[in-house]
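Trainee: task: produce atomic coordinates for the following.
(one chain, ligands or ions: 1)
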Amino acid sequence: MMKQKLSLYFVMGSIDCTKDPLAVLDEAIKGGITMFQFREKGKGALTGIEKYRLAEKLLERCRMYNIPFIVNDDVDLALALQADGVHVGQEDEVAERVRDRIGDKYLGVSVHNLNEVKKALAACADYVGLGPIFPTVSKEDAKQACGLTMIEHIRAHEKRVPLVAIGGITEQTAKQVIEAGADGIAVISAICRAEHIYEQTKRLYEMVMRAKQKG
Ligand SMILES: C=C1C=NC(C(F)(F)F)=NC1=N
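Mentor: Below you'll find the predicted structure:
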């Protein structure tokens, strides 16, 4: 179940979009995304009531199409919206504490190595987001790219953990990321910056599903 949901995980905030975020999400949903994360961060990101209102509209879309809606970092917003889950980084509110606050909603934790995967599992995370796999343009303070070998290393030690890879993944690299052992790919600019969002999303979806079948 979790591994299926992670197949094509679209992560987006208003600053990642060159057009209306709602239209971007609509096209991405039609293209086949399997999970959505609202990540309203960085220079120019919305705050307060504007952030809440945008989240509400995006959540409504996800609900219509039965796509899990995950909130990045902002646990209060996730609870206020009754979102499907939260995604937290290593430095954010300690994962155990978040788990207490959200009950059985999805809990995703960002990881960069095997040790952080073990800590996330100890905090009862439902999935881990590993990255950045390749250099990314979507996160100012991103860590050093860890490459496909980190996916293989973690998978060799933790066979069962639901793991989605993130960071600079494109249609050229999606297949290798799955073959290295990820259950799915998380993308921001590969969808947000596409000329034709529906078609691009559909191609990514088909690539990931084909690679997962061969797995
Ligand atoms: C920093 C992040 C790391 N991983 C993920 C995801 F892949 F979606 F789990 N999302 C983030 N915001």
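Trainee: need the outlier residue of this structure, farthest from its centre.
Mentor: Distance to the chain centre peaks in the chain at residue 49, reaching 23.5 Å (criterion: Cα atoms, centre = their mean).
Trainee: quick one, what contacts the residue of the chain at minimum distance from the ligand?
Mentor: Using Cβ to the nearest ligand atom, the single residue of the chain nearest to the ligand is residue 129, 2.3 Å away. Bear in mind the C-beta positions are built from the backbone N, C-alpha and C, glycine included. Contacts for residue 129 (Cβ atoms under 8 Å, 6 or more residues apart in numbering) come out as 87, 108-111, 164-166, 186.
Trainee: direction included, what does the one helix or strand it maps to pair up with?
Mentor: Mapping residue 129 onto the secondary structure by DSSP states H and E places it in strand 127-130. Strand 127-130 sits in its sheet next to strand 106-111 (parallel), strand 163-166 (parallel), going by DSSP bridges.
Trainee: strands along the chain, start to end?
Mentor: Chain-ordered strands for the chain, with DSSP state E as the definition, fall at 8-12, 35-38, 69-72, 85-88, 106-111, 127-130, 163-166, 184-187.
Trainee: what angle do strand 106-111 and the first one make with each other?
Mentor: Computed by axes from the mean of the first three to the mean of the last three Cα atoms, to 10 degrees, the angle separating strand 8-12 from strand 106-111 equals 80 degrees.
Trainee: what sits up against strand 8-12?
Mentor: For strand 8-12, contacts defined as Cβ under 8 Å, 6+ apart pick out 21, 24-25, 28, 32-39, 72, 138, 164, 166, 184-188, 191-192, 201, 204-205, 208.
Trainee: and the ligand, is it touching that?
Mentor: Yes - between strand 8-12 and the ligand, judged by Cβ under 6 Å from any ligand atom, the touching residues are 9, 11.
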